[in-house]
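# For reference, the sequence and a predicted model appear below.
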Amino acid sequence: MIQTVLAKISPEEFGVCSAHEHLSIDLSRIKKDPDTILDDEQGMIEELEDFYRLGGRSMVEVTNDGMGRDVLRLKRLSEATGVHLVTCTGFYKDPFIPEFAHGWRAEQFASHFIKEATEGIGDTGILPGVIGEVGTSHNEIKPIERELLIGAALAGKATGLPVTTHTTLGTLGYEQVQLLTEYGLPVDQIIIGHQDLNANKDEVLAVLETGAYIAFDTIGKVNYRPDEERVEFLLDFIKLGFEKQILLSADLTRKSHWKKHGGPGYGLVLENFIPKMKEASISQDMLDQFLIINPSRAFSIRER
Ligand SMILES: [Zn+2]
């Protein structure tokens with residue numbers, strides 16, 4: 001079963017999924033840029049309606065506590081639009097971890113995540129469907145991030161929730177898998193994020209070879225990397241037989257990413273990237289694998 005903000009649903013109901021997104025977010029405390037505040041609820045509804053029109057049915061919203069998580073808003077959005085929304089427990093990375101958790105050790109992170117996963121987030125009664133996005137810095141795992149990741153592994157092991165990560169520019173994906181599995185998290189319960197930002201193919205392949213899922217979740221962010229390179233990597237991974245481990249998304253975090261502000265909007269994988277994959281002769285069956293089958297498995301809560 002998959003835990004959405006409204007209910008537990010069967011994997012077959014999940015449909016076309018964006019695996020790593022942010023609808024309601026505020027990173028301005030650290031980024032000092034008002035563009036990184038998404039708080040226009042009507043605008044979110046319009047974006048989700050557009051996503052639905054393009055065939056999108058589910059979205060994993062990985063804005064956690066410290067990034068501006070608002071689960072009651074997600075519930076309202078899901079009710080208004082019919083899009084399945086999955087919310088998270090977890091913290092992001094240094095310096096986005098909220099003050100009350102500074103200095104926490106792995107066990108404290110784990111018990112906090114387990115509490116939210118079993119009793120609900122605050123007094124909302126809403127349960128998270130994933131632990132994330134938990135992350136590391138650029139080519140560096142800071143001590144607090146190490147504790148955070150271990151805490152996520154312990155909580156994932158205890159609750160059966162999948163763990164989805166942030167890597168900074170795609171770095172240290174393999175090291176994240178090693179750390180999470182060392183603390184008992186099954187490898188198929190791990191989703192390593194932002195792997196399309198790593199141009200070092202061997203490093204991404206090393207993650208795939210562990211059996212973990214990878215997320216190509218910054219599609220359309222061509223300031224980092226042209227989408228053509230993303231397609232090229234996908235073709236290689238398909239050729240090597242890793243197609244069951246790949247998830248897609250766009251990771252929008254800014255007002256300027258929204259259609260009404262001149263950006264591509266949350267439908268961009270469906271509207272802009274699918275045609276590029278088709279042009280590269282990636283079949284419809286393969287697209288269904290990436291967008292429907294893989295997420296329905298990756299976000300299913302493991303039986304305990
Ligand atoms: Zn993100």
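Perfect, I can see it now. Because the structure is a prediction, the values reported are computed rather than measured.
# Going along the chain, name the strands of this structure.
2-3, 8-9, 17-21, 25-26, 37-38, 58-61, 84-86, 88-89, 130-135, 163-166, 190-192, 213-216, 246-248 (DSSP state E).
# closest one to Arg146 among the ones you listed?
Closest to Arg146 of the strands of the chain is strand 130-135 (Cβ to Cβ; 10.8 Å). To be clear about C-beta, it is placed using only N, CA and C from the backbone, and glycine gets the same treatment.
# one step back: want to throw the strands of the chain into JSON lines with mean neighbour count, mean pLDDT and distance to Ile150?
Putting the strands of the chain into JSON lines (neighbours: other Cβ atoms under 10 Å; pLDDT from 0 to 100; distance: least, Cβ to Cβ, whole Å) gives the following:
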{"stretch": "strand 2-3", "mean neighbour count": "24", "mean pLDDT": "98", "distance to Ile150": "23"}
{"stretch": "strand 8-9", "mean neighbour count": "15", "mean pLDDT": "98", "distance to Ile150": "27"}
{"stretch": "strand 17-21", "mean neighbour count": "28", "mean pLDDT": "98", "distance to Ile150": "22"}
{"stretch": "strand 25-26", "mean neighbour count": "21", "mean pLDDT": "94", "distance to Ile150": "25"}
{"stretch": "strand 37-38", "mean neighbour count": "21", "mean pLDDT": "96", "distance to Ile150": "30"}
{"stretch": "strand 58-61", "mean neighbour count": "28", "mean pLDDT": "98", "distance to Ile150": "22"}
{"stretch": "strand 84-86", "mean neighbour count": "25", "mean pLDDT": "98", "distance to Ile150": "23"}
{"stretch": "strand 88-89", "mean neighbour count": "28", "mean pLDDT": "98", "distance to Ile150": "15"}
{"stretch": "strand 130-135", "mean neighbour count": "29", "mean pLDDT": "98", "distance to Ile150": "10"}
{"stretch": "strand 163-166", "mean neighbour count": "28", "mean pLDDT": "98", "distance to Ile150": "11"}
{"stretch": "strand 190-192", "mean neighbour count": "28", "mean pLDDT": "98", "distance to Ile150": "13"}
{"stretch": "strand 213-216", "mean neighbour count": "28", "mean pLDDT": "98", "distance to Ile150": "20"}
{"stretch": "strand 246-248", "mean neighbour count": "25", "mean pLDDT": "98", "distance to Ile150": "23"}
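# Just put those in CSV and tack on distance to Ala101.
Below are those laid out as CSV (distance: least, Cβ to Cβ, whole Å):
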stretch, distance to Ala101
strand 2-3, 23
strand 8-9, 28
strand 17-21, 22
strand 25-26, 17
strand 37-38, 22
strand 58-61, 20
strand 84-86, 22
strand 88-89, 12
strand 130-135, 12
strand 163-166, 16
strand 190-192, 22
strand 213-216, 24
strand 246-248, 27
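# Of all those strands, which one is nearest Gly267?
strand 17-21 (8.8 Å).
# Contacts for that closest one, please.
51, 56-62, 133, 164, 191, 193, 215, 217, 247-252, 266, 269, 291-292, 295-296, 298-299 (Cβ atoms under 8 Å, 6 or more residues apart in numbering).
# what's the burial count for Gly220?
21 (other Cβ atoms under 10 Å).
# same question, Arg53
What Arg53 shows, counting by other Cβ under 10 Å, is a neighbour count of 11.
# same deal with Gly265?
When counting by other Cβ under 10 Å, one arrives at 23 neighbours for Gly265.
# residues in contact with the closest residue to it other than its chain neighbours?
Leaving aside its sequence neighbours, Gly265 sits nearest to Lys259 (Cβ to Cβ, 6 or more residues apart in numbering; 3.8 Å). Going by Cβ under 8 Å, 6+ apart, Lys259 touches 46-47, 50, 265.
# ok, now Gly82?
Neighbouring residues of Gly82 by Cβ under 8 Å, 6+ apart: Tyr52.
# Can you give me the pLDDT of it?
Here the pLDDT value assigned to Gly82 is 98.
# roughly how far apart are it and Tyr183?
Using Cβ to Cβ, to the nearest Å, Gly82 is found at 38 Å from Tyr183.
# now Ser78
32 Å.
# what about those two, which has more around it?
Ser78 (22 against 16).
# Name the nearest residue to the more buried one, sequence neighbours excluded.
Counting by Cβ to Cβ, 6+ apart, Leu85 is the residue found nearest to Ser78 once chain neighbours are left out, at 4.5 Å.
# Glu47 too?
Tyr266 (5.0 Å).
# what sits against that neighbour?
With Cβ under 8 Å, 6+ apart, Tyr266 has these contacts: 18, 21, 47-48, 50-51, 56, 59, 250, 252.
# re earlier: and of the contacts of Lys259, the nearest to Asp39?
Closest approach to Asp39 among these (Cβ to Cβ): Glu47, at 13.1 Å.
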